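*Asks:* Attaching a predicted model along with its sequence, questions to come.
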Amino acid sequence: MIHELYRKAGELHGHYCPGLAIGVRAAAEALRILEVEDIHSKSLCCIAESRACYQDGIQVVFGTTLGNGGLQLRDRGKTAFNFYDREKGRNVRLVMKDLPEGMSRDESTEFILTAPFDRVFSLTNVHFEAPGSSFGRKSGRVCPRCGETCREPFLRVKDGEIVCLDCAEKS
């Protein structure tokens, strides 16, 4: 089963690598731990803590994408993933452990996909609150500085004005 998911993820990703295997395995373990029955549920989401190949594995296996608002990136430079089932109120954070040294790329991939769970991941409490389910809604405001509409969660107050993140970050 895990190898089939890995092959399917590789079709989306464009190649096969240990990073993709990490995402596939993390998402498969999250489904098991959270006891998810339907990966098409809008209540599922994942916050990845780093940008890499594993995000495509998560998309394929966990059913979350940037487009459906279920996959988010909060880049902390860590190979860690916060998975949520908002409907059931369950969550889990998986952190990748260091791989044994001296393995080839193929050996690393196979280890990631098949080694016992506790050799591959640490299980910890999530680091972020589950994202709201209103990701796709068009509610927003026009930024008075640049004239572009921005969704509410991305607005900031700067110099007494409610502005978009881009304008808030300008000096």
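*Replies:* Okay, I see it. Because the structure is predicted, anything quoted here is derived from the model rather than measured.
*Asks:* now the helices for this structure?
*Replies:* Applying DSSP state H to the chain gives helices spanning 2-13, 18-34, 54-62, 105-114, 117-120, 165-169.
*Asks:* Where does pLDDT dip in this structure?
*Replies:* 133-138, 171 (pLDDT under 70).
*Asks:* Burial check on A130, number of neighbours?
*Replies:* 17 (other C-beta atoms under 10 Å). C-betas here are computed from N, CA, C, even on glycine.
*Asks:* I figured it hits N91, correct?
*Replies:* Yes - using C-beta atoms under 8 Å, A130 and N91 qualify as a contacting pair, with a distance of 6.4 Å.
*Asks:* quick one: common contacting residues for these two?
*Replies:* Y84 (C-beta atoms under 8 Å, 6 or more residues apart in numbering).
*Asks:* Tabulate the helices of the chain (JSON lines), appending mean neighbour count and distance to K42.
*Replies:* Formatted as JSON lines, the helices of the chain follow (neighbours: other C-beta atoms under 10 Å; distance: least, C-beta to C-beta, whole Å):
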{"stretch": "helix 2-13", "mean neighbour count": "16", "distance to K42": "20"}
{"stretch": "helix 18-34", "mean neighbour count": "23", "distance to K42": "15"}
{"stretch": "helix 54-62", "mean neighbour count": "24", "distance to K42": "13"}
{"stretch": "helix 105-114", "mean neighbour count": "16", "distance to K42": "28"}
{"stretch": "helix 117-120", "mean neighbour count": "14", "distance to K42": "27"}
{"stretch": "helix 165-169", "mean neighbour count": "15", "distance to K42": "25"}
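*Asks:* can you redo those as JSON lines with distance to F154?
*Replies:* Formatted as JSON lines, these follow (distance: least, C-beta to C-beta, whole Å):
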{"stretch": "helix 2-13", "distance to F154": "28"}
{"stretch": "helix 18-34", "distance to F154": "26"}
{"stretch": "helix 54-62", "distance to F154": "21"}
{"stretch": "helix 105-114", "distance to F154": "35"}
{"stretch": "helix 117-120", "distance to F154": "35"}
{"stretch": "helix 165-169", "distance to F154": "5"}
